[in-house]
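> Sequence first, then the predicted structure:
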Amino acid sequence: MPQNTLIVFDLCGAYGMFRKFYTNSSSLSYPFPPRTTVAGLIAGMMGYERDAYAEDLGLGRCHIALSVRVPVRRVMQQVNYLMTEGHVWQKGAGGFDGSRGPIQVPVEWVFPEVGYRELRYRIYVTHEDRGWLERLGEVLEGGTPVYPPYLGMTECPGRVEHVRSTEDWSLGRREEELPISTVLPASALSGPPRLEEGTQIVKERTPLSLDESRRLIAAGDLLYNRAGPHITARLESEVFEVSYSGIREYGVFMR
Amino acid sequence: MAIHDGDILYLYDAKLTNPNGDPDDENRPRMDEATGRNLVSDVRLKRYLRDYWLDAGEDIWVRRTEQDETTSSKQRMSVLLSDYNQENGANLTERQARQSREFKDWLLRRLRDVRLFGATMPMENTSVTFTGPVQFSWGYSLHRVEINNSATISSHFAGRENEYGTFGKDWRVHYSLLAFYGIVSKSRARHTGLTDEDLTALDEAMVRAIPQQATTRSKIGQTPRLYLRVEYEDDSALRLGDVREDLALDPKDGKTTDTLRDIRDFSIGFDRVLERVRAVEGSIGRARLWSHPELGNAFERGLREILDDRLETL
């Protein structure tokens, strides 16, 4: 099967906040943007409106992988929120005007590890529709994002850098153990990953897909090596291999 | 005039004051402990701007009611709704207002802070989110910041129901030069009806709000130092972006970046920022600059050389 283009770009910024979907009173962050956040980022850059991209960027049509290029650390800060639920309309609910006082919520921010200028996530995207990929390519290669990119929350403005659009890549099952540069769905493993010295594997349960009403329709466990650039493992699922700028990388799409 | 995409760089400094306390930590100045940098939330910055407009007689969305005034029992929306009905000779109930596009548009026309920064507004039994076309990152200091050992303070008023006052700590930074990055999005501006006049009001408030609003005990000692807003031509892709890390602090008189106590203890090197402006110069349609006299005029001269009459000073 001829492959459609694989688009590789970086999302960079001073800091980010990728809210965990299962937290309530506190706002904890993933160390990297989950698939749904990346889908929203791409949709925003392409100019989709808020509830209009669920299908085009859904798991069936769009394949997204992500690699953490700069080690991250987390910083907790307490912030004051105001009640903004619908019932503040009612008399005495006391939300917006602050008469009920603020609600203090701990928020976890993702900062680059000390010594790094900014966060950097590398994103790999392909799609079943070539026209769609061309449009994304145009935005990245010299157009301007319709809605500005940010790292999880609008208070975290960021920027994207196009790395490469290539048809020179392949997707398939591999027998051998491979160093995987991307965050890795736990379900993709056929055995335990190799624990090299210093490896710190973290499992994060993240959302994978939302429907047009922004309801969660798929979630999954993703593994990520906090200490290094990749996880070495033997895999059950398909792996992509791509070469660009003199590097060869292996990755797995989030699903 | 049409709204364009833009970037904002904003610097202010804080001397023996608490730029933004952490309510969960004795109201200590917010810190990134690993780097020793002082942090300030975007909300704190926007609060100065909103209070500035409020003082100037404008209505804004996110406002506190004055305690013990009758307004505190009224809801923000119902106050606005009765204003709407009066102004328009209408008689909308809350339920009808929730479904009225005209009411929503009227709200946006009335509330500058929503047109600029967005809001989550309760409408139609749920809420409608307007994402603000102007967004600020959290600010951080461009150097390590030392927090002054706190004295214990007591307040007899805060604890007036008891026999004794209440005790607290009064944390302050010795000195902090804080930098914010902001963006303006023309696509988001469409959704909130942002006008060029709003941006001019933003420019003005960024320069004037802190001196005027930072007047409580814990906020005195803050001075705006630099404000730059760049507007891009619509068909140009190059962007200046977040240039905070391109500013170089150059301490003077035996000071180091860890022992700064005053704006006169260092100079700011803008060379790398100017390099970046030069690199994207073709994309820039207009830039607006204000800088504090104590910063000197090297940056303005550098920008003028590159941008010529596209540079406006405030």
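Happy to help now that I have it.
> in the stretch 1-150 of chain A, which spans are helices?
A:35-46, A:130-141 (DSSP state H, counting those that start in this stretch).
> for those helices, which one ends up most surrounded?
Ranked by mean neighbour count, those are led by helix A:35-46 with a mean of 23 (mean count of other C-beta atoms under 10 Å in any protein chain shown). C-beta here means a position set from N, CA and C on the backbone, and glycine is covered the same way.
> And the contacts of that one?
A:11, A:18, A:33, A:52-53, A:56-57, A:62, A:64, A:66, A:123, A:125, A:135-136, A:139-140, A:145-150, A:152, A:160, A:206-210, A:254-255 (C-beta atoms under 8 Å, 6 or more residues apart in numbering or on different chains).
> go on, stretch B:201-220?
Counting by C-beta under 8 Å, 6+ apart, B:10, B:12, B:17-19, B:21, B:48-49, B:51-53, B:55, B:112, B:116, B:134, B:170, B:172, B:221-224, B:227, B:229, B:288, B:290, B:314 sit against stretch B:201-220.
> what do you get for stretch A:234-242?
Under C-beta under 8 Å, 6+ apart, the answer for stretch A:234-242 is A:6, A:8, A:65, A:124, A:166, A:168-178, A:180, A:185, A:187-191, A:248-253.
> could you flag which of those are buried?
A:6, A:8, A:65, A:124, A:169, A:171, A:178, A:180, A:185, A:188-189, A:249-253 (16 or more other C-beta atoms under 10 Å in any protein chain shown).
> Show me what residue of chain A gets nearest to chain B.
A:Gln78 (3.5 Å; C-beta to the nearest C-beta).
> Not including adjacent chain positions, what is the nearest residue to that residue?
B:Asp24 (3.5 Å; C-beta to C-beta, 6 or more residues apart in numbering or on different chains).
> Run the chain-centre distance for stretch A:233-241.
19 Å (C-alpha atoms, centre = their mean, to the nearest Å).
> got the phi/psi numbers for A:Asp221?
A:Asp221 adopts backbone torsions of phi -90, psi 130, taken as degrees, to the nearest 10.
> Could you check how far the nearest residue to it once chain neighbours are set aside is from B:Val277?
Sequence neighbours aside, A:Ala186 is the residue nearest to A:Asp221 in space, at 4.0 Å (criterion: C-beta to C-beta, 6+ apart). In this structure, A:Ala186 and B:Val277 are 46 Å apart, going by C-beta to C-beta, to the nearest Å.
> Per-residue pLDDT of the residue nearest the centre of chain B, please?
The centre of chain B sits closest to B:Leu45, judged by C-alpha atoms, centre = their mean, with a distance of 3.2 Å. Listed pLDDT for B:Leu45 reads 95.
> Quick check: closest non-adjacent residue to it.
Among residues not flanking B:Leu45 along the chain, B:Phe136 sits closest, at 5.6 Å (C-beta to C-beta, 6+ apart).
> OK, now which residue of chain B is nearest to chain A?
Closest point on chain B to chain A, by C-beta to the nearest C-beta, is B:Asp24, at 3.5 Å.
> isn't there a helix covering that residue?
No: applying DSSP: H, G, I helix; E, B strand; the rest coil, one finds B:Asp24 to be coil, outside a helix.
> Do I have it right that it meets A:Val105?
No: using C-beta atoms under 8 Å, B:Asp24 makes no contact with A:Val105, being 9.6 Å away.
> any common contacting residues for the two?
By C-beta under 8 Å, 6+ apart, B:Asp24 and A:Val105 have these common neighbours: A:Gln78.
> hang on, the earlier thing: would you format the helices of the stretch 1-150 of chain A as JSON lines with distance to A:Ile217 and mean pLDDT included?
JSON lines is the format used below for these (distance: least, C-beta to C-beta, whole Å; pLDDT from 0 to 100):
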{"stretch": "helix A:35-46", "distance to A:Ile217": "10", "mean pLDDT": "97"}
{"stretch": "helix A:130-141", "distance to A:Ile217": "20", "mean pLDDT": "96"}
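> Now render the ones you listed as a markdown table, adding distance to B:Asp198.
Shown next, in a markdown table, are the helices of the stretch 1-150 of chain A (distance: least, C-beta to C-beta, whole Å):
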| stretch | distance to B:Asp198 |
| --- | --- |
| helix A:35-46 | 22 |
| helix A:130-141 | 27 |
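> Which one of those helices lies nearest to B:Leu249?
Closest approach to B:Leu249 among these is made by helix A:35-46 (32.9 Å; C-beta to C-beta).
> Also compute the angle for that closest one relative to helix A:130-141, please.
Relative orientation of helix A:35-46 versus helix A:130-141 (axes from the mean of the first three to the mean of the last three C-alpha atoms, to 10 degrees): 80 degrees.
> Tell me the gap between helix A:35-46 and the middle of its chain.
9 Å.
> Would you map the helices across the stretch 201-314 of chain B?
Under DSSP H, counting those that start in this stretch, the stretch 201-314 of chain B gives helices at B:271-279, B:298-307.
> Export only the CA atoms of the first one, formatted as PDB.
Extracted in PDB, the C-alpha atoms of helix B:271-279 (Å, rounded to 0.1, in the frame of the first residue of the first chain):
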ATOM      1  CA  ASP B 271      20.900  42.600  20.900                       C
ATOM      2  CA  ARG B 272      19.500  39.100  20.500                       C
ATOM      3  CA  VAL B 273      15.900  40.400  20.500                       C
ATOM      4  CA  LEU B 274      16.900  42.900  17.800                       C
ATOM      5  CA  GLU B 275      18.400  40.100  15.800                       C
ATOM      6  CA  ARG B 276      15.200  38.200  15.900                       C
ATOM      7  CA  VAL B 277      13.200  41.300  15.000                       C
ATOM      8  CA  ARG B 278      15.500  41.800  12.000                       C
ATOM      9  CA  ALA B 279      14.900  38.100  11.000                       C
END
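> And the average pLDDT for that helix is what?
Rounded mean pLDDT across helix B:271-279 is 98.
> What is the burial count for residue 206?
Chain wasn't specified; assuming chain A. Other residues near A:Thr206 come to 24 when the count uses other C-beta atoms under 10 Å in any protein chain shown.
> That was the other one, I meant chain B.
27.
> From B:Leu45, how far off is it?
9 Å.
> list residues touching both of those two?
Shared contacts of B:Met206 and B:Leu45, counting by C-beta under 8 Å, 6+ apart, come down to B:Tyr10.
> what bridges to the residue nearest to A:Gly152 when sequence neighbours are not counted?
Distance criterion C-beta to C-beta, 6+ apart; nearest residue to A:Gly152, sequence neighbours excluded, is A:Phe18 at 4.1 Å. Counting by DSSP bridges, A:Phe18 is bridged to A:Tyr30.
> so A:Phe18 makes contact with A:Phe32?
Yes: A:Phe18 is within contact range of A:Phe32, at 6.8 Å (criterion: C-beta under 8 Å).
> low pLDDT regions in the chain?
Answering for chain A, as no chain was given. The model of chain A has pLDDT under 70 over residues A:1-2, A:24, A:82-102.
> my question was about chain B
B:62-76, B:122-127, B:154-166.
> Going along the chain, name the strands of the stretch 51-200 of chain A.
Shown for the stretch 51-200 of chain A, the strands assigned by DSSP state E, counting those that start in this stretch span residues A:62-68, A:72-81, A:103-112, A:119-127, A:158-166, A:169-172, A:178-180, A:184-185.
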